[in-house]
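In: Make a model of this:
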Amino acid sequence: MQNFTRKIQVEGSMKSMWIGTGWKMNHLLKDALEYVEILDSFVSSAELSSNIFICVPFTVLYQVCKKLIDSKILVGSQNSHWLDTGAATGEISPLMINDTGAKLVEIGHSERRESFGENDYTVNLKVKSVLAHNLIPLICIGETYQEKEYNVSIERLVWQVKIALHELSNDQIHKVILAYEPVWAIGEKGAPASSDYVEYVHSQIKCAVSDLLGKDDETNIPILYGGSVNKMNAISFISQPSVDGLFIGRSAWKAEGLISIIQDVETYLQEQGKNK
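Out: Take a look at the predicted model:
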């Protein structure tokens, strides 16, 4: 696999970042609307260089999108079926997601893979259907603790990436966001990966994407890190050259938690910009 040196995306003199959260199975309508009111008030008043997003439950998706219709915050669903319509009881189609006003779809989270039969091949089907409806796929990839112990993390992740992006054109690949979330780092008992490990993994993922695109096409799709990210370790991940953002879990389930991390990241990016 070829070596790949990333050219940092720049806005002015600062690296462009994606910072967001997935609410999982949390927040009823009242809490959801209070959350987005607080977050939108902050985002509207701050001059941010980062792209901010939230992935919310289907039950509040329409109302959250309506509340943020004029906001800079991107709203996403936490899943989608690959069919537009049909016999798929209990599922939500990309047409339905579009109908809510959402712009982004989280696909392939490890909890869905483990508990609901999601696999690499259904992820590919979902990515294609989401792109066909002009939605942004946020594709989650990650290795288990056992795979890490057997030293096949990179092979497993490259496998996931190549299948997820199978049969996509280069233009389509450039519309994708990847989120590296090691399964062993997720959840209440998860422990975050070291920043050095995350940098190594992200650099290898970028190599895999670069191979798919070909040598004449620059690899610049965002690759985010998620897995026990919190206020104490966020900058250690952001400071790595191959990390393009953060996909935050429980530390951002309150708006104030997400805002605090965004503020820290923005301060860091501004300081880095001044030092260049």
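In: Can you name the residues that contact residue 78?
Out: For residue 78, the contacting residues are 22, 23, 24, 55, 56, 57, 58, 106, 109, by C-beta atoms under 8 Å, 6 or more residues apart in numbering. All C-beta spots, glycine's among them, are computed from the backbone N, C-alpha and C.
In: State the mean pLDDT of stretch 142-162.
Out: Here stretch 142-162 scores 97 as its mean pLDDT.
In: From start to finish, how long is that stretch in a straight line?
Out: End-to-end distance of stretch 142-162 (C-alpha to C-alpha, to the nearest Å): 13 Å.
In: Check stretch 225-234 too.
Out: 10 Å.
In: again, but for stretch 181-201
Out: Rule used - C-alpha to C-alpha; the end-to-end distance of stretch 181-201 is 11 Å.
In: Show me what residue 107 bridges to in the sheet.
Out: residue 139 (DSSP bridges).
In: What ranges does this structure have for its helices?
Out: Along the chain, the segments classed as helices by DSSP state H run 29-45, 58-67, 94-100, 110-116, 120-132, 145-149, 153-164, 170-173, 195-213, 234-238, 255-275.
In: can I get the contacts of residue 78 in CSV with distance to residue 38 and neighbour count?
Out: Converted to CSV, the contacts of residue 78 look like this (distance: C-beta to C-beta, whole Å; neighbours: other C-beta atoms under 10 Å):
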residue, distance to residue 38, neighbour count
22, 18, 26
23, 14, 20
24, 19, 16
55, 17, 23
56, 14, 26
57, 18, 19
58, 22, 16
106, 22, 26
109, 25, 28
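In: which among those gets closest to residue 142?
Out: Ranked by distance to residue 142 (C-beta to C-beta), those are led by residue 109 at 8.9 Å.
In: tell me the contacts of the closest one?
Out: By C-beta under 8 Å, 6+ apart, the contact list for residue 109 reads 22, 78, 79, 118, 140, 181.
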